[in-house]
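Undergrad: What would the 3D arrangement of this be:
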Amino acid sequence: MQGKGIVKFVLVLFTVIVARQFLYMLPTMRVESDADAYAQQVAAASSGGDTETVLKEARTAYLDSMSGETIVSIPLISDFTYEDLKSRQLALGLDLKGGMSIILQVDLKDFIKSLANNSEDIEFNKALDNATTRFSIAQTDYVTLFGEEFQKVANGKKLANIFILNESFRDEINFETPDGEIIRMIREKANETVKLTHKRLKDRIDKTGVVQPNVSFG
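TA: Here you go, the predicted model:
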């Protein structure tokens, strides 16, 4: 009887996992179908060049443009972008999908530390550690979590005191600059870095014929 109970539990768990994966896959499949249709239109309108390359570039461009767009909204739970759902899907093996997927991430903890010239400030580093812990389960971006955690442990200290020594910030902030403005500038620089990293990797990967490079940050 106990064995039957375990089997039943495994079957139920498997069913839940499969159902959950379908919930993740169906919206992204619609987006990818739209990307294929868009690529076909671009290829048809193209007057020259290698058709396969045109299709690949057009499809990738479409998916890149949709990566941050909300494609599923569940009331009282969360909104999900194309990239959110793709990151939650089980990776299909080479025998199932005919390819492989590699996700590279920009480490924002190290990035923020570099902006602070690797400050050894106790509250600053505690806020980073706390943000890293929360990020593994939170739906919020890392920079926002860092700002929230710093407010909890700052004891009146301002972020401007830590980041003013960075040359890229020196002309933009002073000791009176609000923490909210510092967080905004950190997020802006983080986004610039991610976009630049994405572009460089995409350019290099595209040369090898790999389609749909997916670069996220965390």
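
Undergrad: Go through stretch 52-59 and flag the buried ones.
TA: Going by neighbour count (16 or more other Cβ atoms under 10 Å), the buried part of stretch 52-59 is 54-59. The way it works is simple: take the backbone N, C-alpha and C, and place the C-beta from them, glycine included.

Undergrad: any idea which of these is closest to Thr197?
TA: For those, the minimum distance to Thr197 (Cβ to Cβ) is 19.3 Å, reached by Glu57.

Undergrad: Please identify the helix or strand for that closest one.
TA: Assigned by DSSP states H and E, Glu57 belongs to helix 51-66.

Undergrad: Just to be sure, Ser73 is in a strand?
TA: Yes - judged by DSSP: H, G, I helix; E, B strand; the rest coil, Ser73 forms part of a strand.

Undergrad: what's around it, how many residues?
TA: Neighbours of Ser73 under the rule other Cβ atoms under 10 Å: 9.

Undergrad: State the number of residues packed around the nearest residue to it once chain neighbours are set aside.
TA: Using Cβ to Cβ, 6 or more residues apart in numbering and skipping the chain neighbours, the partner closest in space to Ser73 is Asp79 (4.7 Å). As a burial measure, Asp79 scores 13 neighbours (other Cβ under 10 Å).

Undergrad: Low-confidence stretches in the chain?
TA: 1-24, 47-49, 77, 88-106, 198, 201-218 (pLDDT under 70).

Undergrad: quick one: the helices in it?
TA: 2-45, 51-66, 82-88, 94-97, 108-115, 122-135, 142-153, 159-163, 167-170, 179-207 (DSSP state H).

Undergrad: Just the C-alpha atoms of the second one, please, in CSV.
TA: What that stands for is helix 51-66. The C-alpha atoms that make up helix 51-66 are tabulated as CSV, following Å, rounded to 0.1, in the frame of the first residue of the first chain:
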residue,chain,number,x,y,z
THR,A,51,17.7,33.9,-46.9
GLU,A,52,18.6,31.7,-44.0
THR,A,53,20.7,34.5,-42.4
VAL,A,54,17.8,37.0,-43.0
LEU,A,55,15.3,34.7,-41.3
LYS,A,56,17.6,34.1,-38.4
GLU,A,57,18.4,37.7,-37.8
ALA,A,58,14.8,38.8,-38.1
ARG,A,59,13.6,36.1,-35.7
THR,A,60,16.2,37.0,-33.2
ALA,A,61,15.5,40.7,-33.5
TYR,A,62,11.8,40.0,-32.9
LEU,A,63,12.4,37.8,-29.8
ASP,A,64,14.9,40.3,-28.4
SER,A,65,12.3,43.1,-28.7
MET,A,66,9.8,40.9,-26.9
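
Undergrad: What is it packed up against?
TA: Packing partners of helix 51-66 (3 or more Cβ pairs under 8 Å, 6 or more residues apart in numbering; DSSP states H and E): helix 2-45, helix 179-207.

Undergrad: swap the cut-off to 7 Å and go again
TA: helix 2-45 (3 or more Cβ pairs under 7 Å, 6 or more residues apart in numbering; DSSP states H and E).

Undergrad: now Asp107: how far from Asp64?
TA: Asp107 sits 22 Å away from Asp64, taking Cβ to Cβ, to the nearest Å as the criterion.

Undergrad: Name the residue in these two with the higher neighbour count.
TA: Asp64 (19 against 13).

Undergrad: so how far is Thr28 from that one?
TA: For Asp64 relative to Thr28 (Cβ to Cβ), the value is 14 Å.
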